[in-house]
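In: Task: produce atomic coordinates for the following.
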Amino acid sequence: MKKIILSLTLLLVGSISYSQSFSNVDVGKHKEYMMKTYKLDSKKADVYEQILSSLKQENEQLKNRRISSDRFKDEQKKIYKKYGEIISQAFSKGKYRPWSSCTQELERYHVLSETKFIPIEKMRSLYKVEHEWKKTRDQLWKGMSDELEKLKKIEELLAELNKHILEILGTDNGNWYLSYKMLIYGALDNMGKYGATYNEGYLIAQIESNYSRQRKQIWNDRPKNRHDKLQEIEANELKDIKQAVPAQIAEKWLSVNNSLLEYTLAKRYGLNKTQINQYKNAYNSYAIEEYKVINDQKGLPTSERADKLREANDIFCERVRPLFKTSSYKKWKGKRVYDFEQRVEQKTGK
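Out: A predicted model of the protein is given here:
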C-alpha cells in the first residue's frame, strides 16, 4: 500500500489498531505462537515465516487491483487455498491442514489468530458460532416475508452473535475483531460504491468510521455550536478522503455522498430519475409535517406526537408506493419503517 499522510484526526482513530498487516506483531511472540499452536519445531516455524512473507505479498497485490468485490473475494480465497496447501506440505508433508482449519482460508481469521495469538480452540469456536449465525440469517432472509420483522429478528441475532464473540475472545480482542470485521465489510462495499481497490476501500472505511463516531458524539453532547462542529467534521472528512485515495475515487466518494438518497434509490430499489424526483417531492411534504410535530407541537403528550409522526409516515409511504415495483417497495418499506421507529423513539422518547 502506498504511503500516505493523513490528518491527525485519522491517526488518532482510537485506542484499537485495525491494521491489515503483521507489521506491528512481535516476531518472537509470533514464532512462539506458531510453534505452540501447530506443534512446530524452530526450523519449520522459520519456514512458515518465509511462506507468510510470500502470502502477504501476493495478497497485497490483489488488494491494489481495481476489481469487483465479488471477484476480490474469489481471488483471495484462491490465494489462501493455495498457501494452505503449501503450509500443509511444510508442516506435515500434506497429511494435515490445521492452519487452513484455523484460518478457514479467510484473511480476518488469519489476522486475528496470528496478531492477537488466539488459541486454535477459540478460533474454531468463533468459526462455529459465525457459521451457525450465517445459516440462521440466510434461512430467515429466505423464509420470512415480513421485511420489518425480518430486520428486527436479524438485529436480535446479530446482538446475540456479538455477545458470543465477546465471550469467546474476551472483551478487548472481541471488540477489536468486531470493529475489524466491520471495516472489512465497509471496504468491500466501497469497492462497488466508489470503484475503489480493496486497500482504498479499507482506508475510506476507516475514515468514515472515525468521523461517524465524532458525529455521534456531537449529537449526544448537543453543544450550542453543534452546527459549526458538524460542518468542521464534514470538511475534515473530505480532506482526509482526498489525502488517502486517488483523485477520481475521492471525487466519486463526494458525488455519491452528496446525493446518497438518489444513489440508494437507484442502486438498491431501481428508481429512475423521474421517480426519484417524485419521491423527493413526497418526502419534502413529509419532512414539513415532521417538523411541525417535533417543533410546533411540543406541548402534546409524547404518545400523541409519536402517533402523529406515524400517521404522517403512513401517508408518505402510500404516496411513494406507485414509484416502486412490488418487491422493491416491500423491501423499501420494511427498512423505512424499521429506521423510522428508531427515529421516533429518539425524537419523542417513545
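
In: For the residue lying closest to residue 34 once chain neighbours are set aside, give its distance to residue 30.
Out: Closest residue in space to residue 34, ignoring its immediate chain neighbours: residue 45 at 5.0 Å, by C-beta to C-beta, 6 or more residues apart in numbering. Backbone N, C-alpha and C define where each C-beta goes, glycine included. Here the criterion is C-beta to C-beta, to the nearest Å. By it, residue 45 lies 9 Å from residue 30.

In: and what of residue 152?
Out: From residue 152 across to residue 30, the span is 42 Å (C-beta to C-beta).

In: coming back round to it: burial count for the residue nearest to residue 34?
Out: Residue 45: 19 surrounding residues under other C-beta atoms under 10 Å.

In: Which helix or which strand is home to it?
Out: Residue 45 is part of helix 42-63, with elements assigned from DSSP states H and E.

In: after that helix, next one along is what?
Out: Assigned by DSSP H and E, the successor of helix 42-63 is helix 69-92.

In: what comes into contact with the next helix-or-strand element following that next one?
Out: In the C-terminal direction, the helix or strand that comes right after helix 69-92 (DSSP H and E) is helix 98-103. Applying C-beta atoms under 8 Å, 6 or more residues apart in numbering, the set of residues contacting helix 98-103 from outside is 37-38, 80-81, 84, 87-88, 91, 109-110, 113, 120, 123-124.

In: hang on, the earlier thing: between residue 152 and residue 30, who's got more neighbours?
Out: Comparing residue 152 with residue 30 by other C-beta under 10 Å, the one with more neighbours is residue 30, at 18 against 14.

In: List the contacts of residue 215.
Out: 230, 233.

In: if you set the cut-off to 6 Å instead, what comes out?
Out: Listed by C-beta atoms under 6 Å, 6 or more residues apart in numbering, the contact set of residue 215 reads residue 233.

In: Pull out the buried positions in whichever strand or helix holds it.
Out: Residue 215 belongs to helix 198-221 when assigned by DSSP H and E. The neighbour-count check on helix 198-221 (16 or more other C-beta atoms under 10 Å) flags 198-211, 214, 218 as buried.

In: quick one, that helix and helix 42-63 angle?
Out: 80 degrees (axes from the mean of the first three to the mean of the last three C-alpha atoms, to 10 degrees).

In: quick one: helix 198-221 to chain centroid distance?
Out: 11 Å (C-alpha atoms, centre = their mean, to the nearest Å).

In: Over to stretch 133-140?
Out: With C-alpha atoms, centre = their mean, you get 18 Å for stretch 133-140.

In: Kindly report the same for stretch 151-170.
Out: 15 Å.

In: Repeat that for stretch 252-270.
Out: Mean C-alpha position of stretch 252-270 versus that of the full chain (C-alpha atoms, centre = their mean) differs by 17 Å.

In: residues in contact with it?
Out: Outside stretch 252-270, the residues that touch it by C-beta under 6 Å, 6+ apart are 194-195, 241, 271, 276, 328, 332.

In: now do stretch 339-347
Out: So stretch 339-347 is contacted by 294, 306, 309, 313 (C-beta under 6 Å, 6+ apart).

In: Now the first one, what are its backbone angles?
Out: Right, the one you point to is residue 294. phi -70, psi -40 (degrees, to the nearest 10).

In: Which pLDDT value does the model give it?
Out: Per-residue confidence (pLDDT) for residue 294: 82.

In: just to revisit the earlier point, list the contacts of the residue nearest to residue 34.
Out: 31, 34-35.

In: if we go to 10 Å?
Out: 30-36, 38, 90-91 (C-beta atoms under 10 Å, 6 or more residues apart in numbering).

In: And the buried ones among those residues, selectable in PyMOL?
Out: With 16+ other C-beta under 10 Å as the criterion, this PyMOL line picks the buried residues out of the contacts of residue 45:
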select buried, resi 30+31+33+34+38+90+91
